[in-house]
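A.B. asks: Show me the folded form of this:
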Amino acid sequence: METLGSGLVCGLAVRSGEDQPSFATGTSATEALRAGIKVFASGATATVLIALRDFGPGTVEVETFARDCFGILEAVTGPGLFVTLGVQDTVRDSLEVDARFEDFGFHESRPGGRTERLFFLTHPEVPAPVRPIARAKGNCPRPKRSFQGRRATADTLQGIALEHRLITVVGPPGVGKSSLTLYVVRGLAEECQDGIWWFSVVDCFSLEELLATIGSEMALSYPHDLSSVASQLAGKQAVIVLDGAQG
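C.D. replies: Numbering: from 1, shown residues only. A predicted model of the protein is given here:
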């Protein structure tokens, strides 16, 4: 059963479209989570943050709490439903079977302000946010839109990527192979100390040109020699995506 301390307050901040962000406080993180999920039930595009703050009653403190939450909403790439570490610890045992939390890293409420560790909720009715990739090197592009649906496929592909060195993603043109791959590889940032690298095969007219492009981006020696490139990449903890490689 959920227990909050006497000075612990739960806040729910919502940013939707061009509307002014809203903020409400209550005593139950579980109820706030349910309310946050309902925001997306009508198909709304929103960013939701649920946070806990330990303080006594006072208008100034609540206003500061709201300002910090709004600052974090501006820092994350939505849409999506985010919770702080304290909320995650409080409600994780009461989640539905088709929902779970995934780490989204640390974010500041404002420059030099409070830093919170965030988690995002994966749930059938809630869109997945764009994952941060600040800790990884490379040239991986940012997604142009949030990733929705195909959660099971994405989880399966991520598991395969952690176990195998060569993966081919196939499917009809326009089915979303690139967007699926981009979502998955961005989630591997922590495992890829040498970066996540994205190269368009469509822009290269020969193997030599592709090798030259890879070598230039990754600062490799003798990039025109396939054996040399392979030996230099062999010891790296990196993901290299060749987009558009269908024959």
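A.B. asks: Which helix or strand contains Met50?
C.D. replies: One correction, residue 50 is Ile, not Met. Secondary structure assigned from DSSP states H and E places Ile50 in strand 46-54.
A.B. asks: List the residues that contact Thr168.
C.D. replies: Shown in contact with Thr168 (C-beta atoms under 8 Å, 6 or more residues apart in numbering): no residues. Where C-beta positions appear, they are placed from N, C-alpha and C, glycine not excepted.
A.B. asks: State the distance from it to Arg117.
C.D. replies: Thr168 sits 36 Å away from Arg117, going by C-beta to C-beta, to the nearest Å.
A.B. asks: same check, this time on Thr25
C.D. replies: Distance from Thr25 to Arg117, by C-beta to C-beta: 21 Å.
A.B. asks: From the contact counts, what lies against the longest helix that the chain contains?
C.D. replies: If you go by DSSP state H, the chain has its longest helix at helix 59-75. Applying 3 or more C-beta pairs under 8 Å, 6 or more residues apart in numbering; DSSP states H and E, we find helix 59-75 packed against strand 8-16, strand 22-26, strand 46-54, strand 100-108.
A.B. asks: In it, which residues are buried?
C.D. replies: Buried residues in helix 59-75, counting neighbours by 16 or more other C-beta atoms under 10 Å, are found at Val62, Thr64, Phe65, Ala66, Asp68, Cys69, Phe70, Gly71, Ile72, Leu73.
A.B. asks: now these in CSV, with distance to Gly86 and pLDDT?
C.D. replies: Formatted as CSV, the buried residues of helix 59-75 follow (distance: C-beta to C-beta, whole Å; pLDDT from 0 to 100):
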residue, distance to Gly86, pLDDT
Val62, 17, 79
Thr64, 17, 84
Phe65, 13, 86
Ala66, 17, 88
Asp68, 13, 89
Cys69, 13, 90
Phe70, 18, 90
Gly71, 17, 89
Ile72, 13, 89
Leu73, 17, 87
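A.B. asks: Lys236: which of the residues you listed is nearest?
C.D. replies: Within those, the smallest distance to Lys236 is 33.9 Å, found for Ile72 (C-beta to C-beta).
A.B. asks: quick one: contacts for the closest one?
C.D. replies: With C-beta under 8 Å, 6+ apart, Ile72 has these contacts: Ala13, Leu49, Ala51, Phe82, His107, Glu108, Ser109, Glu116, Leu118.
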